[in-house]
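Enquirer: quick one, what's the 3D model for this:
(2 chains)
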Amino acid sequence: MSDLILVVLILAFFGASVGLIAACQRWMEG
Amino acid sequence: VTTNGLVQIGLYLALLLALARPLGAYMARVYDGQSILLARLLGPVERSIYRLAGVQPHEEMSWKGYALAMLSFNLVGLLALYLLQRLQGLLPLNPEGWTGVGPGLAFNTAVSFATNTNWQSYGGETTMSYLTQMLGLTVQNFSSAATGMAILVALIRGLARHSAQTIGNFWVDLVRSTLYILLPLALVLALVLVSQGVVQTFSSYRTVPLLQPTADAAGQPVTSQLLALGPAASQVAIKQLGTNGGGFFGANSAHPFENPTPLSNLAEMLAILAIPAALCYTFGRMVGDTRQGWVLLAAMTILFAGLLGVTVAAEQSGNPAFTPLGVNQSASDLQPGGNMEGKEVRFGIANSALWATATTAASNGSVNTMHDSLTPLGGLVPMWLMQLGEVVYGGVGSGLYGMLVFAIVAVFIAGLMVGRTPEYLGKKIEAFDIKMASLVLLIPPLLVLGGTALAVTTAAGRSSVLNPGPHGFSEVLYAFSSAGNNNGSAFAGLKADTPFYNVALGLSMLFARYWLAIPTLAIAGSLVRKKRVPAGPGTLPTHTPLFALLLIAVVLIVGALAFFPALALGSIAEELAMVR
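Expert: Take a look at the predicted model:
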């Protein structure tokens, strides 16, 4: 497995986590 | 169970509980920014770090800002550790000349240490340079532990403050956790470990003559042995205190250079649970009612003692199939009795069972005995403790924030039963809080059961299983329970350094850590805005033995409902086969 794929995987996960923060914030505000 | 074993377990629990108040009170002072003796010495260092990093320590953050700071810090640490492993062959402090770690393993290990899991699909002494061990793995041991503590403190502030918007400053909580709590404790523990014989050196591995020469499989005489060395004590101290668990050597704390004596064993075991237990008192102090902390500590201790009893009894009973063969498994002055497979003679049954229970009650995962060799019920307990969410003391920070989420669910269930709006510490628990709590409770079972199902139904997953049948299933279930709860211990017997397991377990660790931390911080952000409601006749008191029992019941019922069907296919089937 190449470095590029794994680094992209890590960045994708953290990107999705930022998305989760935004989703929770919207959820909180109803 | 022998009297000797009971005395040692009793001593351990007494020391653990005796430490809770002084250490917990100290940590409360650290997080409340009160004056502490160490600040006179390290205050200039703390202020220099803020200046260098451009941090304004008095600027507080919303839950969103706090979560983004936590994520960005962890992303940078993870990528740095990945890079360090890949490039270690070109870097100094590599006396054995280890080449760069392969991409898949480097990914798994970087994720593992950044998420406070410390799952290891490698042997430290045959893979990692001293630089990687120190600058990469040890640094992550500190920073991942401090991250967990920071998230907990943010949640506590969410409960303690009212009608506010901010939950603290992540960078300040991170620095203060490291500088005033983890570093001093790790320094003291490392010195204690060195005094017991744990190695701490930059020397290369040493060839020594054998005291008792032997012969190899071909009959050739073997007169010498290569001893792996390295800066182990400094890493072992924080891997225990930070509930990290990743061993310097492959055999972890079963290795005589990592855990040489019964005294080092006691110190290392105490270090696993000392901070998680003491944080209960810290919580009580920070919310202004220490009884709230004591009740959580009591619930954790009851769960711990009960499950520890099962492990000790199972291991001391041994294997009934051996009895007809004439094997004497009873304890005497000459032998510990019971199941000694995979255990160190210098630790015996009680200290091995106690460690196995403590390391999985916490999110530690270090071992002084091989968990794969535990009896079926003795192995079920560590696996179930992880599956309960590691809230029985739990990981540093993560254990208590997990337990606080269970407390929120417990008051919600009690509220449903009596038809009142649930409240916890004067805060109304509303739909959003329960939705976030549900995420925290449901994500780990999804990762564990989904990951196990994927592994046992695909060729890529099954090809790593070396033991067919219920035990092989348990090995896979244990691996995903460990990764899906950020523990790091393993049942072994599973060839985990493959693309499938490196990626599947790596992703489990990432989701288990950050997708629980984010909803937890969201709960903090929601609670901190709320007004404090005065306790009324319909308020469920949360400082009573009744609440402790309710909390225990909720933890056990959620854990049993989610995992007993899977456990029935593994450990329970094995137990029934053994006693048949």
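
Enquirer: up against chain B, what does chain A have?
Expert: Applying C-beta under 8 Å from any C-beta of the partner chain, we find that chain A lies next to chain B at A:1-3, A:6-7, A:9-11, A:13-14, A:17-18, A:20-21, A:24-25, A:27-28. Where you see a C-beta, it was placed from the backbone N, CA and C, and this is true even at glycine.

Enquirer: show me which of the residues you listed are buried.
Expert: Among those, those buried by neighbour count (16 or more other C-beta atoms under 10 Å in any protein chain shown) are A:6, A:9-10, A:13-14, A:17-18, A:20-21, A:24, A:28.

Enquirer: same list, those, but as TSV with secondary structure and distance to B:G379 please.
Expert: As requested, these are exported to TSV (DSSP: H, G, I helix; E, B strand; the rest coil; distance: C-beta to C-beta, whole Å):
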residue	secondary structure	distance to B:G379
A:L6	helix	32
A:L9	helix	32
A:I10	helix	33
A:F13	helix	31
A:F14	helix	35
A:S17	helix	33
A:V18	helix	39
A:L20	helix	34
A:I21	helix	38
A:C24	helix	37
A:M28	helix	41
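
Enquirer: quick one: buried residues of stretch B:420-437?
Expert: The neighbour-count check on stretch B:420-437 (16+ other C-beta under 10 Å) flags B:422-427, B:429, B:432-437 as buried.

Enquirer: wait, which of those is closest to B:L41?
Expert: Relative to B:L41, the closest of the buried residues of stretch B:420-437 is B:L425; by C-beta to C-beta it sits at 34.9 Å.

Enquirer: report the contact partners of the closest one.
Expert: Contact analysis of B:L425 by C-beta atoms under 8 Å, 6 or more residues apart in numbering or on different chains lists B:159-160, B:287, B:289, B:292, B:542.

Enquirer: in PyMOL, select just the buried ones from these.
Expert: Per 16+ other C-beta under 10 Å, the buried members of these correspond to this PyMOL selection:
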select buried, chain B and resi 159+160+287+289+292+542
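
Enquirer: just the contacts of B:L425: which are in helices?
Expert: Counted as lying in helices by DSSP state H, out of the contacts of B:L425, are B:159-160, B:292.

Enquirer: what's the closest of the residues you listed to chain A?
Expert: Chain A lies nearest to B:L159 out of these, by C-beta to the nearest C-beta, at 16.3 Å.

Enquirer: as TSV, the buried ones among the residues of chain A next to chain B with pLDDT would be great.
Expert: Below are those laid out as TSV (pLDDT from 0 to 100):
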residue	pLDDT
A:L6	96
A:L9	97
A:I10	97
A:F13	98
A:F14	98
A:S17	98
A:V18	98
A:L20	98
A:I21	98
A:C24	98
A:M28	95
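
Enquirer: which one of those residues is nearest to B:G538?
Expert: After measuring these against B:G538 - C-beta to C-beta - the closest member comes out as A:M28, at 25.6 Å.

Enquirer: distance check, that closest one against A:A22.
Expert: Distance, A:M28 to A:A22, by C-beta to C-beta, to the nearest Å: 11 Å.

Enquirer: and the strands in chain B, which stretches?
Expert: Along chain B, counting by DSSP state E, strands occupy B:206-215, B:221-227, B:423-424, B:427-428.

Enquirer: return the most buried member of the ones you listed.
Expert: Comparing those by mean neighbour count (mean count of other C-beta atoms under 10 Å in any protein chain shown), strand B:423-424 ranks first with a mean of 22.

Enquirer: so B:W98 sits right up against B:Q88, yeah?
Expert: Yes - using C-beta atoms under 8 Å, B:W98 is in contact with B:Q88, at 6.2 Å.
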